[in-house]
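Engineer: Need coordinates for the below:
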Amino acid sequence: MKIRIKNNSIRYRLTRTDVNTLAESGYLEDQVNFPGNTFTYALLLTDDQQLASAFKESTITLFMPKTMLKALAETDKVGFEHTANNICLLVEKDFTCLDNVSEDQSDNYPNPLAEKVYAQSN
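Structural biologist: Below is the predicted model:
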């Protein structure tokens, strides 16, 4: 799971394993260990209808409706967005990059633009 924060926008990007783990356990988290403190970002499944968030004790928790996770897991839906309390919340599939990057992308979703870019380059 990756997180991107810019201004009042928080974006979670999920690999295939992240989606499966969240579906099985209902909870997913990752951490950044700073000297003397840990920053945690988490996803928690809910029965609610919209995305919501909370920040408490160095942890950002994004609350995601179970119906949204089901759509991510079972359809071509790319992601979901909702603005709550002036914070834009996004959860989306993590696609493979179209350019060369050094990070392991073997668990990412296939990029839907890859075939188009490949066709244009040949």
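
Engineer: Beyond the longest strand seen in the chain, next helix or strand please.
Structural biologist: As assigned by DSSP state E, the longest strand anywhere in the chain is strand 37-46. Using DSSP states H and E, the helix or strand that directly follows strand 37-46 along the chain is strand 52-56.

Engineer: Would you mind putting the CA coordinates of the very next helix or strand once past that following strand into PDB?
Structural biologist: Going down the chain from strand 52-56, the next helix or strand is strand 59-65, by DSSP H and E. Extracted in PDB, the C-alpha atoms of strand 59-65 (Å, rounded to 0.1, in the frame of the first residue of the first chain):
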ATOM      1  CA  THR A  59      -2.100   7.300  12.500                       C
ATOM      2  CA  ILE A  60      -4.200   8.200   9.400                       C
ATOM      3  CA  THR A  61      -7.100   5.800   9.100                       C
ATOM      4  CA  LEU A  62      -9.200   5.700   6.000                       C
ATOM      5  CA  PHE A  63     -12.500   4.100   6.400                       C
ATOM      6  CA  MET A  64     -13.600   2.300   3.200                       C
ATOM      7  CA  PRO A  65     -17.100   0.900   2.500                       C
END
